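In: Following is a predicted model, sequence given first.
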Amino acid sequence: MKANLALGVLATGLMAGCASEAPQLEQDSAYQVEWIGERPLIDNSHLTLTLGADGRAFGSAGCNHWFASYSLKDQQISFSQAGSTRKMCAPALMEQEQRFLDALSKVQRWDISTIDQLQLWPAEGKPIRLWPAQYQ
């Protein structure tokens, strides 16, 4: 009897797991960048990304504000060449900012990792990894 009950509970849990929706990309919500490709961010630098429902993306590149248009279809996402303000910061921050904007222009698809990170994948190499802003 206990075995039948345990199997019933297990089967119900498995079916519920199958019925749940996969994590979704959130529009009009901010994400905080944690890694750009194979490198983490410089300590205390803050890079952000918001995907507006109107097809415009924007955020902080660490020193300057950036903006671009984007297109999203299912798991595919791409960004136009980003523009930004022109403030100067420390050379290391400027290099990181340029790496981020270059990486963003190569993004082709997205997914949500098993630890709920948004990953923006280029055709080759490691993704830009981001956390929903509320995790920060």
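Out: Received the coordinates, thanks. Numbering: from 1, shown residues only.
In: Check the burial of the residue nearest to Pro127 when sequence neighbours are not counted by counting its neighbours.
Out: Closest residue to Pro127 apart from its sequence neighbours, by C-beta to C-beta, 6 or more residues apart in numbering: Gln119 at 3.9 Å. The way it works is simple: take the backbone N, C-alpha and C, and place the C-beta from them, glycine included. For Gln119, the count of nearby residues is 16 (other C-beta atoms under 10 Å).
In: Pull up the gap between Gln119 and Gln76, please.
Out: Using C-beta to C-beta, to the nearest Å, Gln119 is found at 14 Å from Gln76.
In: Check which helices and strands the longest strand along the chain is in contact with.
Out: Ordering each strand of the chain by length in residues (DSSP state E) puts strand 65-73 first. With contacts taken as 3 or more C-beta pairs under 8 Å, 6 or more residues apart in numbering; DSSP states H and E, strand 65-73 sits against strand 56-60, strand 76-79, strand 83-84.
In: can you do 6 Å?
Out: Contacts defined by 3 or more C-beta pairs under 6 Å, 6 or more residues apart in numbering; DSSP states H and E place strand 65-73 against strand 56-60, strand 76-79.
In: That strand pairs with which strands?
Out: Strand pairing for strand 65-73, using DSSP bridges, gives strand 56-60 (antiparallel), strand 76-79 (antiparallel), strand 83-84 (antiparallel).
In: Out of those, which gets nearest to Val107?
Out: For Val107, the closest of the strands paired with strand 65-73 is strand 76-79, at 5.9 Å, according to C-beta to C-beta.
In: And the closest one, what's buried?
Out: Buried residues in strand 76-79, counted by 16 or more other C-beta atoms under 10 Å: 77-79.
In: Against Arg56, how distant is the residue nearest the centre of the chain?
Out: In the chain, the C-alpha nearest the mean C-alpha coordinate belongs to Leu118, at 3.4 Å (C-alpha atoms, centre = their mean). Separation of Leu118 from Arg56 (C-beta to C-beta): 17 Å.
In: Around Ser29, count how many other residues there are.
Out: If you count neighbours by other C-beta under 10 Å, Ser29 ends up with 13.
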